[in-house]
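# Next input, structure requested:
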Amino acid sequence: QLQLVESGGDLVQPGGSLRLSCAASGGSLDDYSIGWFRQAPGKEREGVSCSSSSGKSTKYADSVKGRFTISRDNAKNTVYLQMNSLKPEDTGVYYCAAVLTRWATMCSKWEYDYWGQGTQVTVSA
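Coordinates of the predicted model:
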């Protein structure tokens, strides 16, 4: 059973940066598409960025394009989300998720089977 653990969430000022990590155990991320999702209070969980199992294909929500970068180090069984130029509307709980397929193209929460517990990101002055 694949297990995912996120880390790196914090309180940061607008314009700042954070890097989130998602460490996997119980399976090799080489075989999994990975996604980062976020959920703000009172809102639906939304896809932020997704990566194919090889990392060669990626997808970003329009709201984060040019600011966020997803990357993966399959040797370390870890996925990252580099977040730059953070805005208050980026606030939320960030989750990583995985599905056993080469590329979950829609980057939709409905495609993913394994979820971490989430890490809180707060962007505020």
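# Leaving out chain neighbours, which residue sits closest to R19?
Q82 (5.1 Å; C-beta to C-beta, 6 or more residues apart in numbering). Yep, even glycine has a C-beta here, placed from its N, CA and C like the rest.
# Tell me what the one you found is bridged to.
Assessed by DSSP bridges, Q82 has beta-bridge partners R19, T69.
# same check, this time on E6
C22.
# contacting residues around it?
For E6, the contact set (C-beta atoms under 8 Å, 6 or more residues apart in numbering) comprises L20, S21, C22, Y94, Y95, C96, G116, Q117, G118, T119.
# Could you pull up phi and psi at the residue most central in space within the chain?
Closest residue to the average C-alpha location of the chain: W36 at 2.1 Å, with C-alpha atoms, centre = their mean. When read as degrees, to the nearest 10, the backbone of W36 gives phi -110, psi 130.
# Look up how far N77 lies from it.
Distance, W36 to N77, by C-beta to C-beta, to the nearest Å: 16 Å.
# Let me know whether T119 touches L11 as I believe.
No. Using C-beta atoms under 8 Å, T119 makes no contact with L11, being 12.0 Å away.
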